[in-house]
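# Any chance you can model this:
(one chain, ligands or ions: 1)
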Amino acid sequence: MTEAFFDSMLQLITRTSTDLPPDVRAAMKHAMGQELPGTSAAHAMAIIAENIDQAADGEGAICQDTGMPTFEVKVPVGANQILLRQQIRNAVAEATKRGKLRPNSVDSITGKNSGNNLGPGTPVVHFEQWERDDIEVRLVLKGGGCENSNAQYALPAELAHLGRAGRDLEGVRKCILHAVWQAQGKGCAPGAIGVCIGGDRAAGYLHAKEQLFRTLDDVSPDPRLAELEAQIMATVNSLGVGPMGFGGAVSLIGCKIGALNRLPASFFVSVAYDCWAFRRLGVVVDAQTGAIREWLYVDPKHPAPAMVGAGVSGFKKTGLEKALRPPVEEATIRALHVGDIVLISGHIYTGRDAVHAHLMKNDPPVDLRGGVIYHCGPVVLKEGDTWRVMAAGPTTSIREEPYQAHVVSTFGVRAVIGKGGMGAKTLAALKESGAVYLNAIGGAAQFYARAIKKVTGVSLMEFGTPEAMWHLEVEDFPAIVTMDAHGNSLHRDVEEASGKQLELLRTV
Ligand code: SF4
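Coordinates of the predicted model:
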């Protein structure tokens with residue numbers, strides 16, 4: 001039983017990380033059809049669709065951020081939970097070794113990465129007993145960008161653009177709209193949200209996350225919550241946040257709401273935001289043999305159709321793309337404007353939180369003059385003396401806001417690739433130094449991994465795999481200019497415009 005259960009868990013983790021469930025695929029396919037051809041939103045959706053197919057075909061991680069593995073396990077009375085937990089942990093470590101999960105568990109004080117996704121609190125495993133004879137295991141992989149977009153409100157509250165949110169369903173509606181607006185491109189829209197009304201702070205967040213185990217077409221059995229879910233879905237996409245926060249037709253593909261009793265003095269609304277890479281699957285396991293008896297969310301008789309079709313590329317070159325080959329001259333950068341699509345070929349360097357903090361006090365380990373920094377924590381496997389990039393999408397750039405202006409102006413960086421955009425300080429530094437911010441499509445880890453031809457080196461490996469500075473040789477790596485060297489920012493514009501739309505939803 002032990003060995004078979006380990007194997008079942010390894011299958012569950014692998015498939016969850018690499019193959020989006022059919023309900024999410026269907027919602028994304030519908031969303032694709034809503035975006036106007038030729039827009040940045042349509043460009044983002046085309047790359048996302050291609051990435052979903054590539055991940056499933058090659059059994060690679062859909063997004064390089066495989067998140068905090070969270071298992072919900074239902075067991076028959078008398079099942080040995082200690083043994084089951086150990087096998088789940090073993091399967092998580094093995095999936096990490098095989099590159100299906102990124103090593104994501106770091107010591108909260110020292111920042112040291114455990115390297116195998118095991119550590120205090122990692123992975124999250126919740127057990128519950130039930131009256132059935134089999135074991136049910138559901139898994140959700142939710143990354144940092146969307147986890148950081150979660151929100152919890154204590155009502156009554158004053159909300160930007162929406163005014164007073166009171167202790168009633170109307171107040172809850174405002175909180176949900178506010179959470180979606182606030183996520184912008186940081187949570188890789190279009191996303192889905194789970195909501196909990198009530199509970200205490202801890203139970204509220206947990207119950208909100210549990211709503212993400214419902215399928216996108218599920219309707220709440222509580223007619224009041226069902227009505228609110230429908231109302232949100234009928235109005236939320238008028239916000240215009242759009243895919244990746246580029247502006248567009250679809251910001252949200254699902255809203256599932258639950259409720260818990262609360263203390264009379266407290267009224268929390270907890271929102272668990274998940275991105276388009278909404279990785280959630282489950283299995284029913286035979287408690288005697290440990291083998292999988294049934295997959296949840298997936299109908300083996302009706303395999304999900306491809307998003308764009310075998311051998312077809314979602315992203316198509318138009319000939320209008322601008323080539324960037326580092327080291328890049330200032331004049332080349334000043335000729336770029338928000339909305340331009342660039343194709344980068346040559347050497348780029350990854351750098352996220354640890355690298356940026358390091359560069360505040362130290363010189364870079366490589367010459368960054370004219371160079372390109374990629375906000376990315378890739379999944380990388382060692383093969384003999386070389387490294388292979390398994391997944392390499394962008395991470396949320398705003399975390400580097402305290403550092404980016406210094407790094408750009410001190411070391412002569414000409415382009416920063418990331419997702420979700422950056423703030424006013426970085427925008428000013430781009431203008432002054434002659435540099436641009438390039439938005440890659442969040443979560444498209446397989447798509448971008450294919451644009452990386454070679455790992456030519458690595459620096460600062462002491463920070464762990466995701467945080468190290470990887471030296472990458474890329475070819476035709478596409479990205480959109482969303483902050484240019486003339487003081488323009490698509491992110492600022494969309495946030496302002498969607499804020500005005502939010503005001504229109506103040507009352508219904
Ligand atoms: S798709 Fe975006 S928000 Fe979601 S896990 Fe990946 S990087 Fe994070």
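# need the residues of this structure near the ligand, please.
The chain comes close to the ligand at residues 63, 65, 67, 143-146, 187-188, 275, 277, 393, 442-443, as judged by C-beta under 6 Å from any ligand atom. Yep, even glycine has a C-beta here, placed from its N, CA and C like the rest.
# Inside helices: which ones of these?
144-146 (DSSP state H).
# quick one, longest helix in this protein?
In the chain, with assignment by DSSP H, the single longest helix is helix 40-58.
# How much space separates the closest residue to Gly67 other than its chain neighbours from Leu252?
Excluding the flanking residues, the one nearest Gly67 by C-beta to C-beta, 6 or more residues apart in numbering is Gly143, at 4.0 Å. As judged by C-beta to C-beta, to the nearest Å, Gly143 and Leu252 stand 17 Å apart.
# same thing with Ile47?
Taking C-beta to C-beta, one finds Ile47 at 20 Å from Leu252.
# same check, this time on Ile197
18 Å.
# related to what we said a few turns ago, CSV for the ones in helices among the residues of the chain next to the ligand, including neighbour count and pLDDT?
Formatted as CSV, those follow (neighbours: other C-beta atoms under 10 Å; pLDDT from 0 to 100):
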residue, neighbour count, pLDDT
Gly144, 17, 92
Gly145, 30, 90
Cys146, 29, 91
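# Could you list the low-pLDDT ranges of the stretch 301-450 of the chain?
309-314 (pLDDT under 70).
# Which residue does it have closest to the ligand?
Distances between the stretch 301-450 of the chain and the ligand by C-beta to the nearest ligand atom are smallest at Gly443, namely 2.6 Å.
# Stretch 354-372: end-to-end distance?
Terminal residues of stretch 354-372 are spaced 17 Å apart (C-alpha to C-alpha, to the nearest Å).
# Might you calculate how far that stretch sits from the centre of the chain?
25 Å (C-alpha atoms, centre = their mean, to the nearest Å).
# Residues contacting stretch 142-149, please?
With C-beta atoms under 8 Å, 6 or more residues apart in numbering as the test, stretch 142-149 has contacts from 63, 65-68, 70, 179, 182-183, 186-188, 191, 209, 212, 272-275, 277, 279, 395-396, 419-420, 442-443.
# Report the buried residues of stretch 270-280.
270-280 (16 or more other C-beta atoms under 10 Å).
# Let's have these in a markdown table, adding pLDDT.
Listed next are the buried residues of stretch 270-280 as a markdown table, based on pLDDT from 0 to 100:
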| residue | pLDDT |
| --- | --- |
| Ser270 | 98 |
| Val271 | 98 |
| Ala272 | 98 |
| Tyr273 | 97 |
| Asp274 | 97 |
| Cys275 | 96 |
| Trp276 | 96 |
| Ala277 | 96 |
| Phe278 | 97 |
| Arg279 | 97 |
| Arg280 | 98 |
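# Among those residues, which lie within strands?
Among the buried residues of stretch 270-280, the members falling in strands (DSSP state E) are 270-274, 279-280.
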